[in-house]
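> Here is a sequence with its predicted model. Questions after.
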Protein chains: 2
Amino acid sequence: MHREPAVPEPVGLADVKRAAGRLAGIAHQTPLVPLLAGVSVKAESLQVTGSFKFRGAYNALAAELERGAVAGVVAHSSGNHAQGVARAARMLGVPATVVMPGAAPAVKRDRARRDGATIVDVGPASDERVAVARQLCDDAGLLLLSSTEHPEVIAGQGTAGVELVDAVLGLPGIGRELAAAGGEGLTVFVPVGGGGLASGVGIAVKALLPLATVIGVEPEIAADARDSLRQGEIVRWPGDDVTRTIADGLRHTSVGPLAFAHLRGVLDAIVTVTEREIAQAIGVLAWQARLVAEPSGAVAVAAALAAPGPAAGARHTVCVLSGGNVDPRAYAGWLSEHPQEGDTR
Amino acid sequence: MHREPAVPEPVGLADVKRAAGRLAGIAHQTPLVPLLAGVSVKAESLQVTGSFKFRGAYNALAAELERGAVAGVVAHSSGNHAQGVARAARMLGVPATVVMPGAAPAVKRDRARRDGATIVDVGPASDERVAVARQLCDDAGLLLLSSTEHPEVIAGQGTAGVELVDAVLGLPGIGRELAAAGGEGLTVFVPVGGGGLASGVGIAVKALLPLATVIGVEPEIAADARDSLRQGEIVRWPGDDVTRTIADGLRHTSVGPLAFAHLRGVLDAIVTVTEREIAQAIGVLAWQARLVAEPSGAVAVAAALAAPGPAAGARHTVCVLSGGNVDPRAYAGWLSEHPQEGDTR
C-alpha cells in the first residue's frame, strides 16, 4: 500500500514538536561539541544507529501506527536509512524488510539483520531497488518508508534542529545575544542528500530563530540539489556521476518533490565542497572534536572550514555532523592522508 | 610555595558536589554513549581539552583562588594534565607555566601555548621535570598543581562519576532497577594512571550506589598500581618499563600517596589489559561508538571486552573513556591494524 498523503501540507514547527514528543526518551539528545573557536558540531554520529536517520524513521513509523496497524515496513537503502528503519521497526514491533544491492558491504547487511530486518537482494541499479520495494508493498500490503518523501520523516529529522537551537541558546554569553537578535549571526551548515535532513533542520531553525542563516552543503561532484535550487525545478544528475563522491550518503541523483519544496523555503544558500576538503574535514573532526565522521557527515564541516573568515556580525557556526558509520579500512586511509592538526580549542 | 594540605582529609561526596558546583556551566556534562548491548561509555574524550583532566585542574585552581590570590600555576606534564591546567588557568585569569620535555610532540606544546601557557623545556627524565617545576614554585611563589596529589583535583575528577551515575539511573528500565538495588549489577571500569580519575570516580560511584562494582584498569606492562594494591604499599616500576605501553597517559611509575589511600577504599578490583587488547578497543570505539579514543582512554573498554560473559545479576557496565587526544599518524595505524567490526548496537 502506498500510503502517501494526497496533498502534503508543508511541515511546520508543530509537526517537529510532535515528533520530539514521540522521540523523547527514545532518540538521543546528541551533544553540541566544540570544534574550533566559534564553530561547533551537532554530533548526530552519536545518535541511535550512528546517524540522524533513526529520528525520521521512528517518528514516521510511530505516527503511522497511531493511525492504524502496519503489517510491515519496507525501506530501499544500503545505508543509514535502512539501519534507522530496522531499529525503529524492532522497537515498535513491526516487521521490517530492507531492499539492498547484493553487493552492499557485509557490515551494513549484518547491522540491518541484527535488528531483525529481512534482507532482499537486488542488482546495483537504484531503479531496480525502488521497483522491487514497491512490488513488495503492493503484494503484501506493506508500508514503503521513503527516506525523504514522508512529512513525518522530515519532521523527525527536524528534531535535531530544535535540539541544536536549544544548545546554541545555552552557550555562555553568545546564547543570550543570539536569542535577543532572533538568531542573527548564527550560521548552520547542513548536508543535502535526498533533502530530508536539511529540510527538517531548516524548518526548525528558521521557525525558532528567523534571522539565522541555513546553508545546505553538497559534494561538488554530486551537486544536483544546487542545480535544482538554481533552476527552480528538480534536476536529475546521472547515476554514474553521483557515485564518484566518497560521501556515499549523498549519492542521490535528485532530491524528492516534498524535500525540494521545503529546501526552497528554508535554505539561504547551497555550497559545494571538494573530495579533498571532505577528507580533510574527517581529519579535523577526529583530531579537534574526537568524533568519527562518515564523509557525508563531514561535508558541513568542510564547508565551514572553506568559508571565508567570519563575516561582520558573525556570532556562532554550527555544522550538522549527520553520521559516523564508516568503512573501517577506508576511514583509516582518509586519516593517514590528512594527519594535520590545525587550530585547536 | 608548596601549598599542600598538612593532613589531607579523605575526599568525600561533599567535596565532589562542591566541585560540581564550581564546574557547572564550565565543564561539559559528557554523554553516556552506548557501545554494545549492556555496555556504555562515559565519553570524557568530549570534555573541554579532550580529557577529564580539565575537571580536576579547574576545580583545584578555583578552590585555591577562593582561599586567596594565586600568582601563577605550574604543571609538569607533557600531556592532558598540562592542557587541562593551561585552559583552566586561562579561564580563571592565572598565568600558567608548563614544564615539559623538549622532545614532547609539537602538537602538545602548541596546544598548551595557544592557551597562553609559558613552556619550560627540560630533558626527558621525569625526575628532572619535577625538580625544575618545584624550583620554579619556590623561586617565584607559584602554585605547583599535581595531577593526582591534590584533594580538589581528585574531587574534580569525581564529578565525572556523579554524572555517570545520573546518566545510568536515567537509562530506560535498567535505571530504576539499579536505583532500587543500590547499584548492584552495575560495573564501572576506569583507567588507573596516577590514580586521580579512578579515585574520584570511585568515591562518587560508591557514595551514590554502594553496591556498584568499581574496577581499575592498567596496561599489563605498566601495572604498578595493581602491584601496589596487592602489596598494600606503593610499588614503583622502573621508568623504562612503563614507557613501553602505547597508553601514554598511564606511564606512571607509581601512584601518589593521596590517590593510593583513596584507591584502596573504592576499588573492588584492578585488572590489566594487553597492548593488543588496547588497540582493538580503539577500533571498537571508532566503529561502534563513533568516538576517537586515545590508548589510555581505551583501556577500560579493553577490560570490559576481555571480561568473561555477563555475571549472574549483571545489569549494566560503564567504561570511562578518559580522553581522545591522539597522535594522528599513530591513531590511523592502530585503526588499520584492527579494522574489525564486531557486534553493533
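Noted; the coordinates are in hand.
> For the rest of this, base every contact and every neighbour count on C-alpha atoms.
Will do.
> Can I get stretch A:152-165 in CSV, CA atoms only?
Coordinates of each C-alpha in stretch A:152-165 appear next as CSV, following Å, rounded to 0.1, in the frame of the first residue of the first chain:
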residue,chain,number,x,y,z
GLU,A,152,6.8,12.7,9.4
VAL,A,153,10.3,11.7,8.3
ILE,A,154,11.1,15.3,7.6
ALA,A,155,9.5,16.3,11.0
GLY,A,156,11.6,13.7,12.7
GLN,A,157,14.9,15.0,11.3
GLY,A,158,13.7,18.4,12.3
THR,A,159,14.1,17.4,16.0
ALA,A,160,17.8,17.7,15.5
GLY,A,161,17.3,21.3,14.6
VAL,A,162,15.3,22.0,17.7
GLU,A,163,18.0,20.5,19.9
LEU,A,164,20.6,22.4,18.0
VAL,A,165,18.8,25.7,18.7
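> mean confidence for stretch A:222-232?
Mean per-residue pLDDT for stretch A:222-232: 94.
> Can you give me the buried ones in that stretch?
Residues of stretch A:222-232 classed as buried: A:222-229 (neighbour count, 16 or more other Cα atoms under 10 Å in any protein chain shown).
> what do you get for stretch A:69-79?
By neighbour count with 16+ other Cα under 10 Å, stretch A:69-79 contains the buried residues A:70, A:72-79.
> Over to stretch A:18-33?
A:18-20, A:22-23, A:26-33.
> Looking at the buried residues of stretch A:222-232, which are in strands?
Using DSSP state E, no member of the buried residues of stretch A:222-232 falls in strands.
> Would you check that residue A:52 makes contact with residue A:45?
Yes - with contact defined as Cα atoms under 8 Å, residue A:52 counts as touching residue A:45 (7.4 Å).
> Overlap of the contact sets of these two?
A:322-323 (Cα atoms under 8 Å, 6 or more residues apart in numbering or on different chains).
> can you give me the helices in the stretch 151-300 of chain A?
For the stretch 151-300 of chain A, helices defined by DSSP state H, counting those that start in this stretch occupy the ranges A:151-169, A:174-180, A:196-208, A:224-231, A:239-242, A:257-266, A:275-289, A:295-306.
> From chain B, how far out is the most centrally placed residue in chain A?
What sits nearest the mean C-alpha location of chain A, by Cα atoms, centre = their mean, is residue A:197, with 4.0 Å. For residue A:197, the distance to chain B equals 20 Å [Cα to the nearest Cα, to the nearest Å].
> Likewise for residue A:17?
Relative to chain B, residue A:17 is positioned 22 Å away (Cα to the nearest Cα).
> Then residue A:311?
On the measure of Cα to the nearest Cα, residue A:311 and chain B end up 23 Å apart.
> where does that residue land on pLDDT?
pLDDT recorded at residue A:311 is 74.
> what residues are up against the residue lying closest to residue A:151 once chain neighbours are set aside?
Using Cα to Cα, 6 or more residues apart in numbering or on different chains and skipping residues adjacent in sequence, the residue nearest residue A:151 is residue A:11, 6.1 Å away. Contacts here follow Cα under 8 Å, 6+ apart; on that basis residue A:11 touches A:151, A:154-155, A:203, A:262.
> just to revisit the earlier point, ok now do the residue nearest to the centre of chain A, which residues does it touch?
A:52, A:154, A:157-158, A:190-191.
> what's the spacing between it and residue A:161?
The gap separating residue A:197 from residue A:161 is 9 Å, by Cα to Cα, to the nearest Å.
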